[in-house]
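Colleague: build me a model from this:
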Amino acid sequence: MKAIFIIFRMLFISNVVFIIVASTIPSTGISVWHFDKVGHFCAYCSLSVLLFFAFKSIKTRTIAFLFSIALGCILEWIQSYIPGREMSIYDEIANVIGLLCGAIIYRYFKDSIILVLSKLAKKGER
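Modeller: Predicted coordinates for the structure are as follows:
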């Protein structure tokens, strides 16, 4: 069971790296407002689900959750200095809503997700 925590931690870190890279690449295209917000929501929702699976203690989860909120704020501020990007409070709102929805998904679907993952692991052992 310890190996699964390591895998989720690696996925969590990978998601953080993806968010940082995606947020700091200069934009050359035209952004469609609602698709941009959906992207923010999905990135931070998945980050939240991963952090709840990756860390066991409430203290560590709380720190990682607050880190995720801070990450979104800092990246939004950094975007104001990147060509073709701009800081947006609406992006940060989408980030926080994504984090909260991820926590809700974990809370209500954790057992189902674990069941699916264990079935996939057993299938892979064959």
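Colleague: quick one, helices of this structure?
Modeller: Using DSSP state H, the helices assigned to the chain run over residues 2-24, 33-54, 58-79, 89-125.
Colleague: how close does the most centrally placed residue in the chain get to Lys119?
Modeller: Nearest to the centroid of the C-alpha atoms of the chain, with distances taken as CA atoms, centre = their mean, sits Leu47, at 1.9 Å. According to CB to CB, to the nearest Å, Leu47 and Lys119 sit 25 Å apart. (Glycine included, C-beta is placed from N, CA and C.)
Colleague: circling back to that earlier point, surely the residue nearest to the centre of the chain meets Val16?
Modeller: Yes: counting by CB atoms under 8 Å, Leu47 touches Val16, with 6.9 Å between them.
Colleague: neighbours around His40, how many?
Modeller: By the measure other CB atoms under 10 Å, the count of residues near His40 is 25.
Colleague: once you drop chain neighbours, what's closest to it?
Modeller: Ala94 (3.8 Å; CB to CB, 6 or more residues apart in numbering).
Colleague: that neighbour: what's it in contact with?
Modeller: For Ala94, the contact set (CB atoms under 8 Å, 6 or more residues apart in numbering) comprises Lys37, Val38, His40, Phe41, Tyr44.
Colleague: which residues touch the fourth one?
Modeller: Going by CB under 8 Å, 6+ apart, Phe41 touches Ala94, Asn95, Ile97, Gly98, Cys101.
Colleague: then the third one?
Modeller: Each residue near His40 by CB under 8 Å, 6+ apart is listed here: Gly72, Asp91, Ala94, Asn95, Gly98.
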